[in-house]
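Participant: My questions are about this predicted structure, shown below with the sequence.
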Amino acid sequence: MSYSGPVFFHRGFSVLLLCCCAPAASGLDLAEAEALATQRDPVLRELEARGEAMAAAAVASGQLPDPELRLGAVNFPADDFERDQEPMTQLLVGFRQRFPRGDSRSLSRERGETLASAEDTLREERTRDVVRAVRAAWFEAHYQAETLALIEEEQAWFRQFEDVVQAAYAQGRRQQHELLRLALEKDQLEAEAVAARQALATWMADLERWVGPEARAIDLRSAPELPVPAPPAEDAAAVRTHPSVLATARRVEGAALGVEIARQSYRPGWALDVSYGFRDGENPDGKDRPDFLSAMVSFDIPLFTKDRQDRQLAAASADERAGRERLAEQTRSLRLRLATARAAETGIGERLHLFDRDVLPAARANVEAVRQAYRNDRVPFDELVRAERTLLTARMQRLRLLVDARINRAELLYLAGEPS
């Protein structure tokens, strides 16, 4: 008599369960899920809008101030307000154009364009992060689905074995405590199955948050292979060119331009005034009075800089220093994160090799030997249960390692970028 159990039972039951979670099993693959998630992510749309706003503001900041039109009446006599009574009476129309200090206009535009490009780079970083999150949720859901399938396979074996033990107990060849222990194991397995279903529902909800209702069409039995990330030799370049680092670097560039803009405040701004005065009446010689044309240039005089220009420059310089420190910390953090992911890749690979070479074959061989010994009444029932649970645990651990390897690869692809 064999106690290996019908594997097809758990497969059929798992398909039924997974169809409940995914009505169209082949309706959505990982690449499609990633595309849907990036299309629907509100943060990406926010970053796009912010980039457009900053780019438009940058163009506006590089323009001259609007010209000013001046209209007025000058030197009108207060007794009768006649336009031709006094020679200096005139109707005045003038034009004034202000020019900002130094190169502040071009620097402001360059700074705005730099900050807008930082937002565009952040969109790339957010896209990577969304893809990483979708992949992690997909693999975690796959792990829970496959864990549930393993538990159901074990439950099927225990149900089949229970029938054998009950028949032997009825013939007086088995003891009651074996039936009680079987019932306990079944209850424990059911508790584990409930926990797996709960975790599966949680990860499906997470996938649906990213992907939308189409997440219900995901085939949870699949665990797609991800691209191979760049080799470790390229890690230094990957950190330098990571979108989050580039975005911070561009913000530092914007802060440096802010320092230059603050320095322009020590230079005078100026304005050009041109006016034309219309006069009526005649000169004593009988000729018409000529109109007047006036032109003036005015300048700011930045004499008292201690509490204005000096403070503005100090604030801009401090902001630039803060940005450089933030960039250094972000670079260190990414470098550590990448090194951690590389170490995890090596460690998980070694553990998987150990499981495939030694642990699982030994666990399977132990189960077969204990089953045969139990049939021949050479080992107690507890030993059989312990062997079965050891094999189930080993299979779950290997499954966890496989999922961890895929999630870690998703992390590496986020850090090092997708291969070209």
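Facilitator: Happy to help now that I have it.
Participant: For burial, what's the neighbour tally of residue 254?
Facilitator: Using other CB atoms under 10 Å, residue 254 is surrounded by 22 other residues. C-beta: built from backbone N, CA, C; applies to glycine.
Participant: Against residue 48, how distant is residue 75?
Facilitator: 58 Å (CB to CB, to the nearest Å).
Participant: Would you mind giving both backbone torsions of the residue lying farthest from the centre of the chain?
Facilitator: Distance from the C-alpha centroid of the chain peaks at residue 285, with 83.9 Å (CA atoms, centre = their mean). With angles defined as degrees, to the nearest 10, residue 285 sits at phi -80, psi 0.
Participant: how close does it get to residue 353?
Facilitator: Following CB to CB, the distance that separates residue 285 from residue 353 is 113 Å.
Participant: which SS state does residue 93 fall under?
Facilitator: Assigned with DSSP: H, G, I helix; E, B strand; the rest coil, residue 93 falls in the strand class.
Participant: Repeat that for the one 5 residues further on.
Facilitator: The assignment at residue 98 comes out as strand when based on three-state DSSP.
Participant: pretty sure it is touching residue 297, no?
Facilitator: No. Using CB atoms under 8 Å, residue 98 makes no contact with residue 297, being 11.2 Å away.
Participant: what do those two both touch?
Facilitator: 270, 271 (CB atoms under 8 Å, 6 or more residues apart in numbering).
Participant: These two: who's more crowded?
Facilitator: Neighbours per residue (other CB under 10 Å) separate residue 98 from residue 297, with residue 98 holding more: 16 against 9.
Participant: What segments of the stretch 201-350 of the chain are strands?
Facilitator: For the stretch 201-350 of the chain, applying DSSP state E, counting those that start in this stretch gives strands covering 270-278, 292-299.
Participant: Single out the most deeply packed of these.
Facilitator: strand 270-278 (a mean of 16; mean count of other CB atoms under 10 Å).
Participant: residues making contact with that one?
Facilitator: 70, 74, 90-99, 291-300.
Participant: Any idea how far the longest helix along the chain is from the middle of the chain?
Facilitator: Ranked by residue count and defined by DSSP state H, the top helix of the chain is helix 104-170. With CA atoms, centre = their mean, to the nearest Å as the basis, helix 104-170 stands 14 Å off its chain's centre.
Participant: Quick one: list the elements packing against it.
Facilitator: helix 7-21, helix 30-40, helix 42-61, helix 176-211, helix 243-264, helix 381-416 (3 or more CB pairs under 8 Å, 6 or more residues apart in numbering; DSSP states H and E).
Participant: Residues touching the fifth one, excluding its own?
Facilitator: Around helix 243-264, the neighbours that count as contacts under CB under 8 Å, 6+ apart are 100-104, 107-108, 110-111, 114-115, 117-119, 121-122, 124-125, 128, 239, 309, 312-313, 315-317, 319-320, 322-324, 326-327, 330-331, 334.
Participant: Can you list phi and psi of residue 287 for me?
Facilitator: The phi/psi pair for residue 287 (degrees, to the nearest 10) is phi -80, psi 150.
Participant: how much space between it and residue 310?
Facilitator: 57 Å.
Participant: Have a look at these two and say which one is more surrounded.
Facilitator: Shown here are residue 287 and residue 310; by other CB under 10 Å, residue 310 has more neighbours (14 against 8).
Participant: before we move on, back to that, could you check how far the residue farthest from the centre of the chain is from residue 58?
Facilitator: Relative to residue 58, residue 285 is positioned 59 Å away (criterion: CB to CB).
Participant: Can you pull out the low-pLDDT segments for the stretch 51-200 of the chain?
Facilitator: The model of the stretch 51-200 of the chain has pLDDT under 70 over residues 164-177.
Participant: any idea how far residue 47 is from the closest residue in space to residue 55 that isn't next to it in sequence?
Facilitator: Closest residue to residue 55 apart from its sequence neighbours, by CB to CB, 6 or more residues apart in numbering: residue 116 at 4.1 Å. Residue 116 sits 11 Å away from residue 47, going by CB to CB.
Participant: cool, residue 124 as well?
Facilitator: 9 Å.
Participant: ok, the two, which is more surrounded?
Facilitator: residue 47 (22 against 17).
Participant: On the pLDDT front, check the more buried one for me.
Facilitator: pLDDT, residue 47: 95.
Participant: Correct me if wrong: it contacts residue 125.
Facilitator: No. With contact defined as CB under 8 Å, residue 47 does not count as touching residue 125 (9.1 Å).
Participant: The longest helix of the chain to helix 243-264, inter-axis angle?
Facilitator: Relative orientation of helix 104-170 versus helix 243-264 (axes from the mean of the first three to the mean of the last three CA atoms, to 10 degrees): 160 degrees.
Participant: ok, back up a step: show me which of the contacts of helix 243-264 are buried.
Facilitator: Buried residues within the contacts of helix 243-264, counting neighbours by 16 or more other CB atoms under 10 Å: 100-102, 104, 107-108, 110-111, 114-115, 117-119, 121-122, 124-125, 128, 239, 309, 312-313, 316-317, 319-320, 323, 327, 330-331, 334.
Participant: Could I get the phi/psi values of the nearest residue to residue 40 once chain neighbours are set aside?
Facilitator: For residue 40, ignoring the flanking residues on the chain, the nearest one in space by CB to CB, 6+ apart is residue 212 at 6.0 Å. Per-residue torsions, residue 212: phi 100, psi -170 (degrees, to the nearest 10).
Participant: Ok, residue 265 next?
Facilitator: According to degrees, to the nearest 10, residue 265 has phi -70, psi -10.
Participant: so it touches residue 310, yeah?
Facilitator: No. With contact defined as CB under 8 Å, residue 265 does not reach residue 310; the gap is 9.4 Å.
Participant: pLDDT at residue 2, what is it?
Facilitator: Residue 2 is assigned 35 on the pLDDT scale.
Participant: again with residue 17
Facilitator: 39.
Participant: ok, now residue 28?
Facilitator: At residue 28, the model reports a pLDDT of 88.
Participant: I'd like the distance between the residue nearest to it when sequence neighbours are not counted and residue 205.
Facilitator: Excluding its sequence neighbours, the residue lying closest to residue 28 (CB to CB, 6+ apart) is residue 217, at 4.4 Å. Shown here: residue 217 relative to residue 205, a distance of 15 Å by CB to CB.
Participant: tally of neighbours for the residue nearest to residue 55?
Facilitator: Neighbour tally, residue 116, other CB under 10 Å: 22.
Participant: Who are the contact partners of it?
Facilitator: Counted by CB under 8 Å, 6+ apart, residue 116 has contacts 51, 54, 55, 58.
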